[in-house]
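> Following is a predicted model, sequence given first.
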Amino acid sequence: DTGVSQNPRHKITKRGQNVTFRCDPISEHNRLYWYRQTLGQGPEFLTYFQNEAQLEKSRLLSDRFSAERPKGSFSTLEIQRTEQGDSAMYLCASSLGTGSAAHEQYFGPGTRLTVT
Amino acid sequence: EDQVTQSPEALRLQEGESSSLNCSYTVSGLRGLFWYRQDPGKGPEFLFTLYSAGEEKEKERLKATLTKKESFLHITAPKPEDSATYLCAHSGSQGNLIFGKGTKLSVKP
């Protein structure tokens, strides 16, 4: 399968704990995006990378959130000191692209986070 | 502020009953209008990209059209397997997609 993969698929954690998610994009894609989706809403943009550079971050991305994409391959999203409001589906997407416009993005299956 | 509004929020159809979903957007200088399908518990699946008013794209029972202010996703003779949430998005200024809340489509046999 050559699509976007995410691990883990589900994560249950207690408030205050740190969690880390991984995303493996489609191999030839230079752009990688993180979104968050809550029930009944569309995905909301968090951040994106072009190769290994983190180019944009949403105001939704508080200081407790950090993302990396070492060597421009896979990416990790870490949430420190989780709060119940962090419970959501975290989606990763990848695309080919240059410039400031979005291009066709292909999504992974998501990681569902539940903070108790 | 750039916005995407989808209607209706939910739509129930009988198998074979054609209909349309609406996506209206407010953005200065559209740089792409995207349609996705999302099944429960899964990530969105890419369907179409439209760039200019008058453009149309088709895939099986789905046809997407674009005007200067809105896009429509037409579903012809739907089947139960077309049941899903359909999401519309446009290109934001940060290279991201700005999504609407989606239309949840249910097709009954």
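Perfect, thanks for sending it. The structure displayed is predicted, hence computed values, not measured ones.

> all contacts plus neighbour counts: C-alpha atoms, from now on.
OK.

> how about the helix or strand containing B:A89, does it reach chain A?
Applying DSSP states H and E as the criterion places B:A89 in strand B:84-91. Yes. Residues of strand B:84-91 contacting chain A under Cα under 8 Å from any Cα of the partner chain: B:87, B:91.

> next structured bit after that strand?
Following strand B:84-91 in sequence order, the next helix or strand is strand B:97-99 (DSSP H and E).

> close to chain A, is the next helix or strand after that next one?
Scanning forward in sequence from strand B:97-99 by DSSP H and E, the next helix or strand is strand B:103-108. No. Strand B:103-108 stays out of contact with chain A when judged by Cα under 8 Å from any Cα, the minimum separation being 9.4 Å.

> Strand B:103-108 pairs with which strands, parallel or anti?
Here strand B:103-108 is paired, per DSSP bridges, with strand B:10-14 (parallel), strand B:84-91 (antiparallel).

> Alongside chain B, which residues does chain A contribute?
Contacts of chain A with chain B, taken as Cα under 8 Å from any Cα, map to A:33, A:40-45, A:48, A:56, A:91, A:99-110.

> buried residues in the helix or strand of chain A with the lowest mean pLDDT?
Across the helices and strands of chain A, mean confidence by mean pLDDT, DSSP states H and E is lowest for strand A:53-57: a mean of 87. Residues of strand A:53-57 classed as buried by neighbour count (16 or more other Cα atoms under 10 Å in any protein chain shown): A:54, A:56-57.

> go on, stretch B:18-37?
B:20-25, B:30-37.

> Now secondary structure, distance to chain A and pLDDT too, for the residues you listed, in TSV please.
What follows is the buried residues of stretch B:18-37, written out as TSV (DSSP: H, G, I helix; E, B strand; the rest coil; distance: Cα to the nearest Cα, whole Å; pLDDT from 0 to 100):
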residue	secondary structure	distance to chain A	pLDDT
B:S20	strand	19	98
B:L21	strand	16	98
B:N22	strand	15	98
B:C23	strand	13	97
B:S24	strand	15	95
B:Y25	strand	14	90
B:L30	coil	10	79
B:R31	coil	6	83
B:G32	coil	8	90
B:L33	strand	10	94
B:F34	strand	8	96
B:W35	strand	10	98
B:Y36	strand	10	98
B:R37	strand	11	98
